[in-house]
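Q: Requesting a structural model of the entry that follows:
(chains A, B, C and D)
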4 protein chains.
Amino acid sequence: MLESRVTLQVRYSETDMMGVVYHGSFLPWLEVGRTTLLKECGLPYREIEAQGFYLPVVEVGMKYLKPARYDDTITVITRLAERPLVRIRLDYEVRRGDELLVVAHTLHGFTRHNGGPARPPAAFTEKMRALFAAKKH
Amino acid sequence: MLESRVTLQVRYSETDMMGVVYHGSFLPWLEVGRTTLLKECGLPYREIEAQGFYLPVVEVGMKYLKPARYDDTITVITRLAERPLVRIRLDYEVRRGDELLVVAHTLHGFTRHNGGPARPPAAFTEKMRALFAAKKH
Amino acid sequence: MLESRVTLQVRYSETDMMGVVYHGSFLPWLEVGRTTLLKECGLPYREIEAQGFYLPVVEVGMKYLKPARYDDTITVITRLAERPLVRIRLDYEVRRGDELLVVAHTLHGFTRHNGGPARPPAAFTEKMRALFAAKKH
Amino acid sequence: MLESRVTLQVRYSETDMMGVVYHGSFLPWLEVGRTTLLKECGLPYREIEAQGFYLPVVEVGMKYLKPARYDDTITVITRLAERPLVRIRLDYEVRRGDELLVVAHTLHGFTRHNGGPARPPAAFTEKMRALFAAKKH
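A: Numbering: from 1, shown residues only, chains lettered A, B, ... in the order given. You can find the predicted model right below:
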C-alpha cells in the first residue's frame, strides 16, 4: 500500500451558510491528496498530462462524519491499496488532528487527450510495479 | 415517487483544464435539483432553515459516464423514491438531452442550528405523508 | 450600446459562513452575463474558442452594495457601451428586483490558443461594426 | 506598513478550460493572504467573527498580468499600508517566484452579525495602533 499525507488550512471561500465547510469543498481537497501521492511516487500528474494523458474521475463516494470549520488545520491521507492495472482506486481520510471528518474514495481511468479510454502510460505502469514490489520486501 | 426536473446552462467557471466540466461542479447542480424538488413539494429549503433546521449531506455517490461541456444545456432529474422517515435519500440523473452524463445519490439527515441531529420538522413529515399518500391513488 | 439581461437563482454553494453570497461567487455570474450578451450578438463564446481564440479577463472591478442570499432571483445586466477595437470593456449591474447589489466591470483582450495577444477575429469585428452601426440609426 | 507572505500550490479545481487558473480563483487566494496577515497581527479573523463582527469585502480590484498554472507554487503578499480607521484597504501581489501574476486590492468595512455597519472592535483598533506605532520607530 502507498500512502501520502498533506496538510491544508480551511479557506473562508470553502464554507457555506451552515457555518461549516461546504460538502463540495472536500473534492478539491481529495485532489490535493492525489496530487501529493502521485508526486511522492515520482509520477507528478502535471507530467502525465504533458505526455498526452488525462486521469479523470469516474466515481466518487464520500461519507461525512463531522463538519470542518474555517481556519481548521486539515490532514488528507490518500491511500493506494492495490497496484493499479486499468482502473485506479484511491481511498481517503480527511482528519482534523485525531478526529475523522470524512472518508472517501475515487475511481479513475486513463484517457487520451482526444477523449478515448487508454491503457496507463508505460512509465506509470513500470513505476507502480517497482513501488509495489519494493513494498513487499 | 416524487420527481422534479430543472434545466441549467454550463458556466465557464465550472470547467477545468481537461476542457470539460470539473467533476466537483456537479455537486452544486445536485443541490439545484434538491432545491427545486423541495420547492415543488411546498417545502422550500429556505424556510426549513428559517425554522431552525439544517439538512446537511451525510453521504454522496456519483458515477461519471460522459463529460459535460461549457454552454451545454443540462437537465437535473431529482427523485425521492420513498417517503423519508429519519434519513432522506435522493437519486439524481444529470442529462444533456437523451445522453445520461452522471448518476448520483445523496443522503441527508436533519440537524438543529446548534449542530445536534434532529427529527424532521413536523410540517415536513406531514407534507411528505400527504404527498406520498396522494401518489398511491 | 448593447445590453443583455439574464436571470439566475442563487445556489447554496454560492453562500459562505456570513450567511450571504460569497463575494467571489459574483464573478461566475458576470460570466453568465457575458455569455448571454455574446450569444445575443450572434457571437457565442463557444465558437470564438472553437476558432482558436480566447478572451481572458485582464481586469476586474467590483463594488458590493448589498448582499445576495440563497434562493434569491438575481438579474445580471451586461452592457457593452462602446464598439470594441482591441480591448473589450463590459459593465455590469447585479440586481434583485429593484435593488442594486453589485456594480462591476471587466476588461478583456483576445489571445491565441498558444497564449500570445491577438487582434479580434474578423467575424467579431465585422459583427460589432454592424451592431453598433444599427444602434446609431 | 504591515506585510505578510503565504505560499500555496495551485489546485486542479482552480483551473478552467483555458488551461490556466480561472480568474475567479484568485479571490480565495487573496483571502488566504488576509487570513495570514490578520493572524500575524495577533487578530485572527476567526476570533473577530466569534466576537460578533464580520469584515465583508466592499470593493475588489484585480489586474491579471500573467496566467498561473496547475501545481505552480504561488506566493501571496498582502500589505496594509495605512492604519485602518473605519475602512480597511489591503493591497496584494500574487507571484510565482520573480514573476508578478496579479496585482489586486480589497476594501473592507466591519459589520455586526445583524448586518448593520459597525466601528471596528476595540481590540482591533488598539492592536493596529500599537503595530503602526511600533513600525514608526
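
Q: For chain A, what lies in contact range of chain C?
A: Within chain A, the positions near chain C by CB under 8 Å from any CB of the partner chain are A:12-13, A:15-20, A:22, A:24, A:70. C-beta: built from backbone N, CA, C; applies to glycine.

Q: what's the offset of the lowest-mean-pLDDT helix or strand in chain A from the middle of its chain?
A: The helix or strand of chain A with the poorest confidence is helix A:122-136; it has a mean of 92 (mean pLDDT, DSSP states H and E). In terms of CA atoms, centre = their mean, to the nearest Å, the centre of helix A:122-136 is set 18 Å apart from its chain centre.

Q: Return the list of helices and strands in contact with it.
A: Contacts defined by 3 or more CB pairs under 8 Å, 6 or more residues apart in numbering or on different chains; DSSP states H and E place helix A:122-136 against strand A:2-9.

Q: so where does the residue nearest to A:V21 when sequence neighbours are not counted fall, helix or strand?
A: Counting by CB to CB, 6 or more residues apart in numbering or on different chains, A:V21 lies nearest to A:A68, which is 4.1 Å off, once chain neighbours are set aside. Assigned by DSSP states H and E, A:A68 belongs to no helix or strand.

Q: residues contacting A:A68?
A: A:10, A:20-21, A:26, A:74, A:94, A:96, A:101-102 (CB atoms under 8 Å, 6 or more residues apart in numbering or on different chains).

Q: and with 6 Å instead?
A: By CB atoms under 6 Å, 6 or more residues apart in numbering or on different chains, the contact set of A:A68 is A:10, A:21, A:101.

Q: and what of A:E40?
A: Contacts of A:E40 (CB under 6 Å, 6+ apart): A:S4.

Q: How much space separates the spatially most central residue of chain A from A:A122?
A: Residue closest to the mean C-alpha point of chain A, counted by CA atoms, centre = their mean, is A:R34 at 2.8 Å. Taking CB to CB, to the nearest Å as the measure, A:R34 falls 21 Å from A:A122.

Q: Need the per-residue pLDDT for the residue of chain A most remote from its centre.
A: Relative to the C-alpha centroid of chain A, counting by CA atoms, centre = their mean, A:M17 is the outermost residue, at 26.8 Å. With respect to pLDDT, A:M17 scores 97.

Q: Please verify my assumption that it contacts C:T15.
A: Yes: assessed by CB atoms under 6 Å, A:M17 is found in contact with C:T15 at 3.9 Å.

Q: which parts of chain A sit against chain D?
A: By CB under 6 Å from any CB of the partner chain, the residues of chain A that approach chain D are A:11-13, A:28, A:31, A:46, A:71.

Q: closest to D:T106 among these?
A: A:Y12 (12.4 Å; CB to CB).

Q: any idea how far the closest one is from A:D72?
A: With CB to CB as the criterion, A:Y12 and A:D72 are 12 Å apart.

Q: These two: which is more packed in?
A: More neighbours surround A:Y12 than the other of A:Y12 and A:D72, with 21 against 18 (other CB atoms under 10 Å in any protein chain shown).

Q: thought the more buried one was touching D:E31?
A: Yes: applying CB under 6 Å as the test, A:Y12 and D:E31 come out as touching, 5.1 Å apart.

Q: what about the closest residue to A:E99 other than its chain neighbours, distance to B:H105?
A: If the residues on either side of it in the chain are set aside, A:E99 comes closest to A:K66, at 5.9 Å by CB to CB, 6+ apart. The gap separating A:K66 from B:H105 is 21 Å, by CB to CB.

Q: buried residues in the least confident helix or strand of chain A?
A: Within helix A:122-136, the residues that count as buried by 16 or more other CB atoms under 10 Å in any protein chain shown are A:124, A:127-128, A:131.

Q: quick check, nearest of those to B:E59?
A: A:M128 (30.2 Å).

Q: Give me the pLDDT value at the nearest residue to that closest one once chain neighbours are set aside.
A: Counting by CB to CB, 6+ apart, A:M128 lies nearest to A:R83, which is 5.4 Å off, once chain neighbours are set aside. pLDDT for A:R83: 94.

Q: Number of residues surrounding A:R83?
A: A:R83, neighbours per other CB under 10 Å, totals 15.

Q: Over to the one 10 residues further on?
A: Burial measure for A:E93: 17 neighbouring residues, criterion other CB under 10 Å.

Q: Just give the nearest non-adjacent residue to it, would you?
A: Closest to A:E93 by CB to CB, 6+ apart is A:I77, at 4.4 Å.

Q: Just confirm the one you found is within a strand.
A: Yes: assigned with DSSP: H, G, I helix; E, B strand; the rest coil, A:I77 falls within a strand.

Q: so it bridges to which residues?
A: A:R5, A:E93 (DSSP bridges).

Q: you'd agree it is up against A:S4?
A: No: A:I77 lies out of contact with A:S4 (CB under 6 Å); the separation is 7.5 Å.

Q: okay, the buried residues of helix A:122-136 in TSV with distance to B:V57 next?
A: Formatted as TSV, these follow (distance: CB to CB, whole Å):
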residue	distance to B:V57
A:F124	33
A:K127	36
A:M128	33
A:L131	35
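
Q: Where does pLDDT dip in chain A?
A: Residue ranges of chain A with pLDDT under 70: A:137.

Q: Which residue ranges of chain A form helices?
A: When assigned using DSSP state H, the helices of chain A occupy the ranges A:26-40, A:45-50, A:122-136.

Q: With distance to D:Q51 as extra columns, can I get these in TSV?
A: Shown next, in TSV, are those (distance: least, CB to CB, whole Å):
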stretch	distance to D:Q51
helix A:26-40	29
helix A:45-50	42
helix A:122-136	50
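
Q: Distance-wise, check A:R46 relative to chain B.
A: 10 Å (CB to the nearest CB, to the nearest Å).
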